[in-house]
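[1] coords below, sequence missing:
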């Protein structure tokens, strides 16, 4: 099987940033309030999980949230990178630090169902557990796929070196260019 980061690897840009922009245009007050609270957490020196939890807290106040996300997903189709669409396999695993409520429907829209991402309680407005980044990606992968062999790993960031270490081959993705990492 192959594993992929999502933001800036499969998707052009960052899905969280795109979602916050999308939401700001539709719910400016809710998003501004969450951005302000997240900034306060940054100033306090809170960890990334806490900051991100507060940043996305506006989602609990959006009516018909599932439908709202599906409309966002429709707009994101044009940002899926061509290289991925040409090589994707149904058993690919996407591992992302972005919220699961975004990544899962985005991946399903392109035929990928194996998704590991930051779990978020949209009804209460907070992250469940830890932000799925770095070693946390590896931990979650091993929990779900304990005996799996990873052939290739793809990411745009060296923060995914722990993920690269799971694979026989590793690749850095810069735009549509694929660079052999190991």
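    Received the coordinates, thanks. Since this is a predicted model, take the numbers as computed values, not measurements.

[2] I'd guessed residue 82 sits against residue 176; true?
    Yes - between residue 82 and residue 176 there is a contact under C-beta atoms under 8 Å: 6.2 Å. Placement of C-beta: from N, CA and C, glycine included.

[3] quick one, longest helix in the chain?
    Criterion DSSP state H: the longest helix present in the chain is helix 28-44.

[4] Which of the residues in that helix are classified as buried?
    For helix 28-44, a neighbour-count test (16 or more other C-beta atoms under 10 Å) marks 30, 31, 34, 38, 41 as buried.

[5] so what secondary structure elements neighbour that helix?
    helix 15-26, helix 48-55 (3 or more C-beta pairs under 8 Å, 6 or more residues apart in numbering; DSSP states H and E).

[6] what are the pairing partners of the lowest-mean-pLDDT helix or strand in the chain, and which direction each?
    Lowest on mean pLDDT, DSSP states H and E among the helices and strands of the chain sits strand 126-127, with a mean of 89. Within its sheet, and counting by DSSP bridges, strand 126-127 is paired with strand 120-121 (antiparallel).

[7] can you give me the strands for this protein?
    Ranges of strands within the chain are 2-4, 93-99, 114-118, 120-121, 126-127, 150-155, 167-174, 177-180, based on DSSP state E.

[8] Can you convert these into CSV and add a column each for distance to residue 56 and mean neighbour count?
    Formatted as CSV, these follow (distance: least, C-beta to C-beta, whole Å; neighbours: other C-beta atoms under 10 Å):
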stretch, distance to residue 56, mean neighbour count
strand 2-4, 22, 23
strand 93-99, 6, 25
strand 114-118, 9, 22
strand 120-121, 6, 18
strand 126-127, 8, 20
strand 150-155, 22, 21
strand 167-174, 25, 17
strand 177-180, 31, 10
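
[9] so which of those gets nearest residue 144?
    strand 114-118 (6.5 Å; C-beta to C-beta).

[10] Okay, angle between that closest one and helix 15-26 too, please.
    Following axes from the mean of the first three to the mean of the last three C-alpha atoms, to 10 degrees, one obtains 70 degrees for the angle between strand 114-118 and helix 15-26.

[11] give the contact list for residue 173.
    Counting by C-beta atoms under 8 Å, 6 or more residues apart in numbering, residue 173 touches 5, 8, 9, 81, 83, 154, 155, 156, 179.

[12] what's the neighbour count on the fifth one?
    By that I understand residue 83. 16 (other C-beta atoms under 10 Å).

[13] residues touching the closest residue to residue 30 other than its chain neighbours, list them.
    Of all residues not flanking residue 30 in the chain, residue 58 sits nearest, at 4.0 Å (C-beta to C-beta, 6 or more residues apart in numbering). Contacts for residue 58 (C-beta under 8 Å, 6+ apart) come out as 23, 27, 30, 31, 33, 34, 125.
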